[in-house]
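Structure for the following, please:
(chains A, B, C, D, E and F)
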4 protein chains.
Amino acid sequence: MVERIVDAAARVLEDVGYQHASTNRIAAAAGVSPGSVYQYFTGKDEIFAVVVERLGVRFAESIVPVLRRSALEDPATRTHTVIDAVLAALEAEARLLRALVDRIPTLEQQKAATAIRGRVGEMVYQSLASTPSALRHDDLDRTTWMIVELAQHLPVRYVLDQPPIAREAFIDDLAQIILGVAYVA
Amino acid sequence: MVERIVDAAARVLEDVGYQHASTNRIAAAAGVSPGSVYQYFTGKDEIFAVVVERLGVRFAESIVPVLRRSALEDPATRTHTVIDAVLAALEAEARLLRALVDRIPTLEQQKAATAIRGRVGEMVYQSLASTPSALRHDDLDRTTWMIVELAQHLPVRYVLDQPPIAREAFIDDLAQIILGVAYVA
Amino acid sequence: MVERIVDAAARVLEDVGYQHASTNRIAAAAGVSPGSVYQYFTGKDEIFAVVVERLGVRFAESIVPVLRRSALEDPATRTHTVIDAVLAALEAEARLLRALVDRIPTLEQQKAATAIRGRVGEMVYQSLASTPSALRHDDLDRTTWMIVELAQHLPVRYVLDQPPIAREAFIDDLAQIILGVAYVA
Amino acid sequence: MVERIVDAAARVLEDVGYQHASTNRIAAAAGVSPGSVYQYFTGKDEIFAVVVERLGVRFAESIVPVLRRSALEDPATRTHTVIDAVLAALEAEARLLRALVDRIPTLEQQKAATAIRGRVGEMVYQSLASTPSALRHDDLDRTTWMIVELAQHLPVRYVLDQPPIAREAFIDDLAQIILGVAYVA
DNA sequence: TATGAATGAGGATTCATTCAT
DNA sequence: CATGAATGAATCCTCATTCAT
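Numbering: from 1, shown residues only, chains lettered A, B, ... in the order given. You can find the predicted model right below:
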């Protein structure tokens, strides 16, 4: 049931945007009565918080295996691989992503978004810490922040704005940037 | 009059966020009757579109002179200078920026945002085209897009998230990235 | 407009009772849009508070002149006269009274009711204090409280319950009670 | 089971008032499922009708023995005794009484309240009929009605409003009134 | 019989918008 | 032009009641 409501909420969000995603509309889309929604959620915003959370989980479930599988590759190859996976994961959710990124609503959900960033950040941090030899400088937090922002925002904008740039070219550029941030030439 | 309303809208937006920025509240804040708002704007969204547009104009008015003044500096210095100016311009509007970026509402305003990006993009394009010698590759559109995204998103996030990174360190990193994207080492 | 809404509220209250007197129904009965109600009242309860208040005012406007006019009559005659007026005033508002007394809603309105009692109480107190000679005892507050309760509750119940007692007989009995409470035989 | 529900309803009524005493809340307070409530009651109002009825029964169970025990006392003593008992019975239920009297809801329950009055009325009637010698007048129904209203309303208001009148003084006054109504001096 | 998830009509309230003055 | 009272559709949410298990 929670499932049904969250799915419906995501669908409605994609279709009409946050402003017009009323609880009644969501309930209708879920084939559920408005009252039922409140048996599982304290209110409208909690629904969307869960929508965002699930998106984060799906995203992580796409990326983490790739990170694991590519653990032994050299940094350059690995960065390519990971960016490709990130891009693919985002492309798979382009519509929802658009509704969420372009029309983010309340602070609560911002926190959720931040939480995702945090999780990715940790992975990046671990990864960097594990091969410290050639790091460009020793301020790991700083490097991590830059990489997370780069590896998150640029792919998102690439997927949402669909600039006239070839996918491979974009990945190349971004990989080079990230490698440049992390490691000495 | 348009002035008064737009200013009031920006103020209300900063104070209560998009969700609670009702037309009536804006009219009250502007010391104007609700009816009058509709003499100058077709509706609520148009007001905010103008708010965003003005923000873009102010931003451009801050940056363009710097771009002009620094036209003869070498790329490295110039990039530093410009990033510093961008950061300063964003910091000056942090509150409004937060209200806008964190709670963006409708597609219309997205277009406005995109318009800003477009303007900055043109400037970057010009700038790159004027010193073609050492460009890393000849796909100017692609390079421009990357730089605009980098030069816009990272400073915005830096201002809004206030990560524990020194201002100078951040500028250094971003400048290096952008230079790396644009020019061969 | 306030007039229209309050009148409609009283009418609706009489017809369907507090439980079913919704703001929308009141607005409809007033020939007014639901939104307009909130331009003049902060919410549902405030409307009913005003309904009660007006009832109190009308009641006072009926009784006070009688009290004044009968100031020089002897206590027995005067008591008769006043009870008769009270009864008449209550009879004129029997329907609203029934809706209000039988279905009193929130504490706020209780306060309003108490306020009325207070006003009547003062008048009784003054009246008693002006002819102290034959008072049964000197605890004026106590006597006042008893009389107010007697002079208010019994007529209200008489009007609402319509017991098989002749009007004159009831007035006689109540007058005798009140006189007995106030004065020595 | 009926027991459990009615008790819970009374408790909830005391705690949150009629407006917020929802069936679900009552069911929860009774440790019973909402559905079960409808196996024993036709609906919400019936629950409260029974609550009121039980209150009436408890009240009668307090008063009747006193009436019986005092049957041979002289009228003056007896009236004192009974009023004292009435007051005590009301004081024991002050919280529920307040919830009920101050926020009486539907006509159905009014009838229940009236039923209590009726029962007390009969007892008064019997009592008066048994000592007809000195009755003030021979309209027993009329006398009964007056006494019941006096003996019920004034103690209720005394308990709920807690006026600054000593308990003994109040009993004295009320006894004198009632005796005056019933018997010739 | 007991359950409790599901219901859905209805409630109070908001607010973008209009229009007579 | 400016006003601001009036609008009414739409919103979020509640809760008495039902019914499949």
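
residue contacts, the closest residue to A:Glu93 other than its chain neighbours?
Nearest residue to A:Glu93, sequence neighbours excluded (CB to CB, 6 or more residues apart in numbering or on different chains): A:Leu55, at 6.3 Å. Glycine gets a C-beta too; all of them are placed from N, C-alpha and C. Applying CB atoms under 8 Å, 6 or more residues apart in numbering or on different chains, we find A:Leu55 in contact with A:10, A:93, A:96-97, A:100.

what's the distance between A:Leu55 and chain B?
18 Å (CB to the nearest CB, to the nearest Å).

quick one: which helix or strand includes that residue?
Following DSSP states H and E, one finds A:Leu55 within helix A:44-69.

Any quick PyMOL command for the buried ones out of the contacts of A:Leu55?
Burial among these is assessed by 16 or more other CB atoms under 10 Å in any protein chain shown; the matching PyMOL selection reads:
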select buried, chain A and resi 10+93+96+97+100
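
from the contacts of A:Leu55, which two are the most distant?
Spatial extent of the contacts of A:Leu55 (CB to CB) is set by the pair A:Ala10 and A:Leu97 at 10.7 Å.

And the closest residue to A:Phe41 other than its chain neighbours, how far from A:Asp7?
With sequence-adjacent residues excluded and distances taken as CB to CB, 6+ apart, A:Phe41 is closest to A:Ile47, at 5.0 Å. Distance, A:Ile47 to A:Asp7, by CB to CB, to the nearest Å: 11 Å.

the more surrounded of those two?
Shown here are A:Ile47 and A:Asp7; by other CB atoms under 10 Å in any protein chain shown, A:Ile47 has more neighbours (24 against 15).

Specify the beta-bridge partners of A:Tyr183.
Residues in a beta bridge with A:Tyr183, per DSSP bridges, are A:Leu135.

can the helix holding A:Leu55 be found next to DNA strand E?
No. Judged by CB under 7 Å from any atom of the strand, helix A:44-69 makes no contact with DNA strand E; its nearest approach is 12.4 Å.

Make a markdown table out of the contacts of A:Leu55 and add pLDDT.
Shown next, in a markdown table, are those (pLDDT from 0 to 100):
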| residue | pLDDT |
| --- | --- |
| A:Ala10 | 93 |
| A:Glu93 | 89 |
| A:Leu96 | 87 |
| A:Leu97 | 82 |
| A:Leu100 | 77 |
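
Return the member of the contacts of A:Leu55 nearest to C:His153.
For the contacts of A:Leu55, the nearest to C:His153 is A:Ala10 (61.6 Å; CB to CB).

Could you look up the SS state of that closest one?
helix (DSSP: H, G, I helix; E, B strand; the rest coil).

Give me the residue ranges of chain A where confidence is low.
Counting by pLDDT under 70, chain A contains low-confidence residues at A:101-120, A:132-134, A:137-138, A:184-185.

can you list the domains in it?
Chain A breaks down by automatic domain parsing into domains covering A:1-41, A:51-182.

does any part of stretch A:139-150 sit near chain B?
Yes. Legend: contact between stretch A:139-150 and chain B by CB under 8 Å from any CB of the partner chain is shown at A:139, A:141-142, A:145-146, A:149-150.

on that earlier part again, who's in contact with the residue nearest to A:Phe41?
Neighbour list for A:Ile47: A:5-6, A:9, A:23, A:26, A:37, A:41 [criterion: CB under 8 Å, 6+ apart].
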